[in-house]
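A predicted structure for the sequence below; I have some questions about it.
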Amino acid sequence: MNSFEQKIQSVGCQLTKGPIEVLQVNLGKLCNLACVHCHVEAGPTKTRENMNRETAEAVVRFMGRLKVRAYCNTPLRLDLTGGAPELNPSFRYLVVEARKRDIHVIDRCNLTVLFVPGQEDLAEFLASRKVEIIASLPCYLKENVDKQRGKGVFDESIKALQMLNGLGYGKKPVPGTAGPPARLPARQAGEAGTGFSNLSRNVPGTVDDFEQKGKHGGPPLQLNLVYNPVGPHLPPNQEDLEKDYKERLREDWGIEFNKLYAITNMPITRYAKYLKAFNQYETYTQLLINSFNPATLDGLMCRNTLSVSWDGRLYDCDFNQALGMPIRQAQGNGERSRTMQMRNGKPMTIFDLLFTGTRYGRDRFCNLLFMNLSRNVPGTGLEGRRIETGNHCFGCTAGAGSSCQGTLK
């Protein structure tokens, strides 16, 4: 039993899965940046670890079967992440298909991707689809941003935020007004391009009636920013920091946004190597352990999120995905095998959730899991299953807590 599991048991808690509210899809490790805090270890050379069209289509079919709006009080959210998810050939396909189903879409955007060759119309595409943007901006000071994310990133990020404001992101709409309809060029299979543009623009036929009729009016387009500490410390108070961000960005650059999410850096993969290089790993991990806050346990994102990796494997969260800790099929048909830590079964994939015929019909856990995810039936399948944990989980329970939506308390 790991130290985190011992800790939560000492306070009378067992982490179990609830109804799925967020389908987080990691489209791969390809990114135009290589940030030191990136737990995915994304970068410009990661061209192999990226979701193919077959897996993206399986995600779409799964979204269709979830029917969350019919069975849940909370509608499903599709959370697209990476890497830079926009560089994947199926990114726009997933956005289009999700919006057709009235599913809210979140794009975790590094901002600079808006200026990658071949992505000139990306901001307009996101606005036309009412996609919520959660953008990384670890500080409102140029020196700190460039230190963490690379030289020149701050200037491009500011330019991108100003562009998004110009499209209506982060601002309250004027009553009775609406922007012009978004008419974007169709994507044709095999469309010419080079580098990143060739990867992201080979998308057949993504223009449809929704895109042609989309307007920028109505509810405000959500633009939220993410703060990551530059050094090995916990984030400051999120509410106070948001006030500082809004004041500085408005005064210095005329930029508006909706919310700020303060997220704790996870000491795994690339960031762990960075900390060890400066002899800060042990000190930082001990800080997270010492700052454990049991009040954060109920709000942990692993409770209501299903994470899908670029190869289709399923995880409780994006951090487990980075560490190779997948959801596994149960061994046996008993209640105990469905709710215990399933370390011995084979890793489950998105494809396992789409078939209940002869190939998978003998696997009762798989069938129950499909029923749960498609109907959120209490007490069956994934709901109630123990969540896979590790010592890295202290990063989500330290201080005010941390999740993909910022602090928890």
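Here it is on my side, so go on. It should be emphasised that the depicted structure is a prediction, and the values quoted were computed from it without experimental measurement.

quick one: the closest residue to Asp316 other than its chain neighbours from Glu388, how far?
What sits nearest to Asp316 in space, not counting adjacent residues and going by CB to CB, 6 or more residues apart in numbering, is Cys302, at 4.4 Å. For the C-beta atoms, the positions are set from N, CA and C on the backbone; glycine is no exception. According to CB to CB, to the nearest Å, Cys302 stands 8 Å off from Glu388.

where do the contact lists of the two overlap?
Residues within reach of Cys302 and of Glu388 at once, by CB atoms under 8 Å, 6 or more residues apart in numbering, are 316, 320.

ok so Val105 is a strand residue?
Yes - the assignment for Val105 is a strand, going by DSSP: H, G, I helix; E, B strand; the rest coil.

Test my guess that it contacts Val95.
Yes - Val105 is in contact with Val95 according to CB atoms under 8 Å; the separation is 5.4 Å.

Following the chain onward from the lowest-mean-pLDDT helix or strand in the chain, which element is next?
The helix or strand of the chain with the lowest confidence, counting by mean pLDDT, DSSP states H and E, is helix 209-213 at a mean of 35. Downstream of helix 209-213, the first helix or strand assigned by DSSP states H and E is strand 223-227.

Can you give the strand pairings for that following strand, parallel or anti for each?
The strands beside strand 223-227 in its sheet (DSSP bridges) come out as strand 132-136 (parallel), strand 259-262 (parallel).

Give the buried residues for stretch 137-145.
For stretch 137-145, burial by neighbour count (16 or more other CB atoms under 10 Å) applies to 137-140, 145.

likewise stretch 272-291?
Judged by neighbour count using 16+ other CB under 10 Å, the buried positions of stretch 272-291 are 272, 274-275, 281, 284-285, 287-289, 291.

so Leu306 sits in a helix?
No - assessed by three-state DSSP, Leu306 does not belong to a helix; its assignment is strand.

What about it, how many residues nearby?
24 (other CB atoms under 10 Å).

SS state for the residue lying closest to it once chain neighbours are set aside?
Take Leu306 and drop its neighbours on the chain: the residue closest to it by CB to CB, 6+ apart is Ile20, 5.0 Å away. Judged by three-state DSSP, the three-state class of Ile20 is coil.

Roughly how far does Ile20 sit from Asp318?
Taking CB to CB, one finds Ile20 at 15 Å from Asp318.

Same check on Ile268?
11 Å.

If you count surrounding residues, which of the two has more?
Between Ile268 and Asp318, Asp318 has the larger neighbour count (other CB under 10 Å), namely 23 against 19.

The more buried one touches Thr81, doesn't it?
Yes - counting by CB under 8 Å, Asp318 does reach Thr81; the two are 6.6 Å apart.

Find residues that contact each of the two.
Joint contacts of Asp318 and Thr81 (CB under 8 Å, 6+ apart) are 24, 26.

So what touches the host helix or strand of Leu78?
In the assignment (DSSP H and E), Leu78 maps to strand 77-81. Residues outside strand 77-81 that contact it (CB under 8 Å, 6+ apart): 21-27, 63, 91, 94-95, 98, 103-108, 305, 318, 404.

The closest residue to Ala322 other than its chain neighbours and Asn320, how far apart?
Nearest in space to Ala322, with sequence neighbours left out and distances taken as CB to CB, 6+ apart, is His39 at 4.7 Å. His39 is 11 Å from Asn320, where distance means CB to CB.

now Thr269
The gap separating Thr269 from Asn320 is 12 Å, by CB to CB.

So if I had to pick from those two, which one is more boxed in?
Under the criterion of other CB under 10 Å, the comparison of Thr269 against Asn320 puts Asn320 first, with 23 against 17.

Just the element for the more buried one, please.
Here Asn320 sits within helix 318-322, counting by DSSP H and E.

Quick one: list the elements packing against that helix.
For helix 318-322, the packing partners by 3 or more CB pairs under 8 Å, 6 or more residues apart in numbering; DSSP states H and E come out as strand 22-26, strand 305-308.

Make CSV out of those and add distance to Gly150.
Converted to CSV, the helices and strands packed on helix 318-322 look like this (distance: least, CB to CB, whole Å):
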stretch, distance to Gly150
strand 22-26, 21
strand 305-308, 26
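
which stretch among these comes nearest Gln329?
Of all those, it is strand 305-308 that lies closest to Gln329, at 14.9 Å by CB to CB.

for this structure, which helix is longest?
helix 238-253 (DSSP state H).

For that helix, buried residues please.
For helix 238-253, a neighbour-count test (16+ other CB under 10 Å) marks 238, 241-242, 245-246, 249 as buried.

what does that helix contact?
By CB under 8 Å, 6+ apart, the list of residues contacting helix 238-253 reads 137, 140, 158, 161-162, 225, 227, 235, 255-257, 259-262, 400, 406-407.

Go again with 6 Å.
Helix 238-253 has contacts (CB atoms under 6 Å, 6 or more residues apart in numbering) with 140, 158, 255, 260, 262, 406-407.

Which of Val105 and Val95 has more residues huddled nearby?
Between Val105 and Val95, Val95 has the larger neighbour count (other CB under 10 Å), namely 25 against 20.

give the contact list for that one.
Counting by CB under 6 Å, 6+ apart, Val95 has contacts 105, 129.

pLDDT at it, what is it?
With respect to pLDDT, Val95 has a value of 98.

Report the separation between it and Leu78.
8 Å.

do Leu288 as well
For Leu288, the distance to Leu78 equals 30 Å [CB to CB].

now swap in Phe292 and tell me
According to CB to CB, Phe292 and Leu78 sit 31 Å apart.

So these two - more neighbours on which side?
Counted by other CB under 10 Å, Phe292 and Leu78 do not tie: Leu78 has more neighbours, with 23 against 18.
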